[in-house]
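In: Provided below are the primary sequence and the corresponding predicted coordinates.
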Amino acid sequence: MSHRIVHLVRHGNVENPAGVIYGRLPNFHLSDRGRDEANEAARLLAGRPIGLVVTSPMERAVETALPIAAAHGLMPQVDARLLEVGTSFEGLTWKSLWRIVIGPARWRGRERHRELRTRMLIALRESSQRCPDREIVLVSHQGTILALRYALRGWSRAPLPSVLLECPTGSVTTILVGAHFLDGPGAPVPAREGA
């Protein structure tokens, strides 16, 4: 194939009445709305020739991937590289974060953008190689999906906060990736220090 079709799905809305920044914390599941979003994504993709569904290990992503995979007689495969962006703010509430952001605190313990971009490109490449003749679905998170979209455009910078609206919960972004980008000499490789 001269190109591959990849569907990037952000997990559905999460049950989070306290407004916790959950990041990589366990036990954050889909809300009723999130389950509806996952089912809608499954309906949208039901007529596509999907051969592989790969998901982040976070509960909310797996719960989103299950109906998509089931519509194709598949089981979702878990790939830790699709994991949420690492941050030191997990467990805080958005309200408390605002006080930190306007104070002297720094965003410590955060995953570097080049590391995020590299792991997402490698996950895309390896998933595509596992299923070269059919479309694939990657279920992940807002920051990781936006980083991958930027990387595929050749942009090395991190997504700006203003683009976060481009990737709402339950959204499906369908991209066409040239096989030469995934398999050839231009295929993504781990970034070097300073990249």
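Out: Noted; the coordinates are in hand.

In: and the longest helix for the chain?
Out: Ordering each helix of the chain by length in residues (DSSP state H) puts helix 113-130 first.

In: now the helix or strand just after that helix, how far from the centre of its chain.
Out: Heading C-terminal from helix 113-130, the first helix or strand you meet, by DSSP states H and E, is strand 135-140. Taking C-alpha atoms, centre = their mean, to the nearest Å, the mean C-alpha location of strand 135-140 is offset from the chain mean by 9 Å.

In: what's the angle from the very next helix or strand once past strand 135-140 to helix 113-130?
Out: Remark: after strand 135-140, the chain's next helix or strand is helix 142-152, criterion DSSP H and E. Orientation of helix 142-152 against helix 113-130 (axes from the mean of the first three to the mean of the last three C-alpha atoms, to 10 degrees) gives an angle of 80 degrees.

In: so for helix 142-152, what's the average pLDDT?
Out: For helix 142-152, mean pLDDT rounds to 89.

In: from the chain's centre, how far out does the longest helix of the chain sit?
Out: Taking the mean of its C-alpha atoms, helix 113-130 sits 11 Å from the chain's own mean (C-alpha atoms, centre = their mean).

In: and that helix, what does it pack against?
Out: strand 3-10, strand 50-55, strand 135-140, helix 142-152, helix 179-183 (3 or more C-beta pairs under 8 Å, 6 or more residues apart in numbering; DSSP states H and E). The way it works is simple: take the backbone N, C-alpha and C, and place the C-beta from them, glycine included.

In: in the second one, what counts as buried?
Out: Within strand 50-55, the residues scored as buried using 16 or more other C-beta atoms under 10 Å are Ile50, Leu52, Val53, Val54, Thr55.

In: pLDDT score assigned to the last one?
Out: According to the per-residue confidence, Thr55 scores 98 in pLDDT.

In: ditto for the second one
Out: pLDDT, Leu52: 98.

In: how about it, what does it touch?
Out: Shown in contact with Leu52 (C-beta atoms under 8 Å, 6 or more residues apart in numbering): Leu74, Gln77, Ser127, Arg130, Cys131, Arg134, Ile136, Val137.
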